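Visitor: Give me the fold of what follows.
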Amino acid sequence: MQVHFIAIGGAAMHNLALALREKGDVVTGSDDAIFDPSRSRLEEAGILPLEMGWFPDKIHSKLDAVILGMHAREDNPELLKAQDLGLNIFSYPEYLYEQSKNKKRVVIGGSHGKTTITSMVLHVLHVQKIDCDYMVGAQLDGFKTMVKLSDAPVIVLEGDEYLSSPIDRRPKFHLYRPHIALLSGIAWDHINVFPTFENYLKQFELFIDQIQDGGYLTYCSEDESLNIISSSNPEIETEAYQLPEYEIENGKTSISHEHGETELEIFGAHNLLNMMGALNVCKQLGVTESDFFNAMKSFKGASRRLENIFEREGLLVYKDFAHSPSKVRATVKAVREQYIGHKVIAGLELHTFSSLNKSFLAEYKNTMSGVDIAYVYFDPEAIAHKKLEDLSEELVHESFDRKDLEVFTDSAEYCDAIRKEINAKTIVLLMSSGNFGGIVLEDFAMSL
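Guide: Residues are numbered from 1 along each chain as shown. Presented below is the predicted three-dimensional model:
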């Protein structure tokens, strides 16, 4: 197969390109900017574009497929050439479906926890030596790439509800048609695409309708919306999951189950819920409950999901991808509960389109409750880049409804504020889908 990627540098796109190269396909690609780790990984595989930009002469009639990334625009010159030639043009979720039509498809969806749950399932299958293909949104220990395509009979897919491509406005997870599905919860996000909660909720109803007849759906029983819509497809089996019994001792979380007790590397009620959802999925794939919990002992989490990036006596620093209100609330609660008796400093960057939108900010009310010190940072340049209305520090402060919350627009001042608060037994939690205005979080952590 000869496959060309338009916008090859994206996280999912470059991993799919690597997977196809590993499979033996001829892979080419273009992009107007590629950054690490994508750049170095593409270069190592020999498929990094020689120069940045869009080149219609890369598009020719011998291409079996053109895969279009969200970073490209509808008027991209390579896309226009591919359309003129009548080539097969796919979004990456559409292409993943094409590659998995004859496999058992497992899709992990929901507003939060998708990456973590998918990672848990893959970790357990890896430990149990059950072969599968996959696509997951974070790098995992023991896995070379975030995408694998082979002749394995099962594929595990993280099911994102965001749009598929510039010319395919369907949510990605509508394209996978799962046999086994999980929904972790529904919390309104992506307001630039789904302007109301009702419109957002409808996407999950449509996803449930796409589950194949005789298929299976497991969902979090603590989510009111899921309790209502989970029965919308009468042709599938449904099963709820709930929080297990657990205890925290000396900074370690253990859960109780019918096979005994298991001490875990992960923590937080939201992660324990994620784990119980992963258990139900793995049982559908032939893993026993006992084997599942034995495998979970060694699961350290997915990259950037409550990831411990620095530790010395009296100080622990975590980074987390949390950015939406539901994720921030769950992450802050998890750290506070895990480290009773410690000083907890929580810092959040508002970076996404939704979080920087005035009409959405009120959703963050009380999300930073319970920690000792709460900081919020946003970059005015990010607001300008997204062509949004300017935000004031006062409005951000009011939205979180915490009197002692401090708001920063200067990353150096933000870092200095954290440094001044470090003392014995301190936990620093850094939450963002960005980089706090260009900060390398690991370097910052080491400077504390």
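Visitor: can we go C-alpha only for contacts and neighbour counts from here?
Guide: Will do.
Visitor: do you know how far the closest residue to N357 other than its chain neighbours is from P380?
Guide: If you skip the residues right next to it in sequence, N357 has L388 as its closest partner in space, 6.9 Å away by Cα to Cα, 6 or more residues apart in numbering. Look at L388 and P380: by Cα to Cα, to the nearest Å, they are 10 Å apart.
Visitor: How about D372?
Guide: Here the criterion is Cα to Cα. By it, D372 lies 27 Å from P380.
Visitor: Settle it for me: which of those two has more neighbours?
Guide: The residue with the greater number of neighbours, taking D372 and P380 and applying other Cα atoms under 10 Å, is P380; the counts read 18 against 15.
Visitor: Show the contacting residues for that one.
Guide: D390, L391, T409 (Cα atoms under 8 Å, 6 or more residues apart in numbering).
Visitor: first vs last residue of stretch 118-136, how far apart are they?
Guide: 6 Å.
Visitor: Now do it: everything it contacts.
Guide: Residues outside stretch 118-136 that contact it (Cα under 8 Å, 6+ apart): 108, 115, 140, 146-150, 152-158, 275, 278-279, 281-282, 287, 291-292, 295-296, 299, 301-302.
Visitor: Identify the residue nearest the geometric centre of this protein.
Guide: What sits nearest the mean C-alpha location of the chain, by Cα atoms, centre = their mean, is T115, with 4.5 Å.
Visitor: ok, now how distant is the closest residue to that residue other than its chain neighbours from A11?
Guide: Nearest in space to T115, with sequence neighbours left out and distances taken as Cα to Cα, 6+ apart, is G137 at 5.6 Å. Distance of G137 to A11, given as Cα to Cα: 8 Å.
Visitor: the more surrounded of these two?
Guide: When G137 and A11 are compared on other Cα under 10 Å, the one with more neighbours turns out to be G137, at 21 against 15.
Visitor: Secondary structure element holding that one?
Guide: Following DSSP states H and E, there is no helix or strand that holds G137.
Visitor: V287 versus the residue nearest to T115, what's the distance?
Guide: Distance, G137 to V287, using Cα to Cα: 23 Å.
Visitor: Poorly predicted segments of this protein, please.
Guide: Residues of the chain that meet the criterion pLDDT under 70 are absent altogether.
Visitor: so where do the helices sit in it?
Guide: Secondary structure of the chain by DSSP state H: the helices cover 11-23, 38-45, 77-85, 92-99, 114-127, 197-210, 224-229, 269-284, 289-296, 325-338, 380-385, 393-400, 411-421, 441-446.
Visitor: With only the CA atoms kept, save the top strand by length along the chain in CSV.
Guide: Looking across the chain with DSSP state E, the single longest strand is strand 343-350. In CSV, the C-alpha atoms belonging to strand 343-350 read as follows (Å, rounded to 0.1, in the frame of the first residue of the first chain):
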residue,chain,number,x,y,z
LYS,A,343,0.4,21.0,51.7
VAL,A,344,-1.1,20.8,48.3
ILE,A,345,-0.5,23.4,45.6
ALA,A,346,-2.7,23.1,42.5
GLY,A,347,-1.9,25.0,39.3
LEU,A,348,-4.2,24.9,36.3
GLU,A,349,-3.6,26.4,32.8
LEU,A,350,-6.6,27.5,30.8
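Visitor: got a list of contacts for that strand?
Guide: Residues from elsewhere that reach strand 343-350 (Cα under 8 Å, 6+ apart): 323, 332, 335-336, 356, 368, 371-379, 418, 425-434, 436.
Visitor: partners of it in the sheet?
Guide: Strand pairing for strand 343-350, using DSSP bridges, gives strand 373-378 (parallel), strand 426-431 (parallel).
Visitor: And those strands: which comes nearest F35?
Guide: Of all the strands paired with strand 343-350, it is strand 426-431 that lies closest to F35, at 21.2 Å by Cα to Cα.
Visitor: mind checking how far the closest one is from the chain centre?
Guide: Relative to the mean C-alpha coordinate of its chain, strand 426-431 is positioned 20 Å out (Cα atoms, centre = their mean, to the nearest Å).
Visitor: do stretch 390-399 as well
Guide: Averaging C-alpha coordinates over stretch 390-399 and over its chain gives two centres that are 27 Å apart (Cα atoms, centre = their mean).
Visitor: Name the residues of that stretch that are buried.
Guide: By neighbour count on 16 or more other Cα atoms under 10 Å, the buried set for stretch 390-399 is V396, H397, S399.
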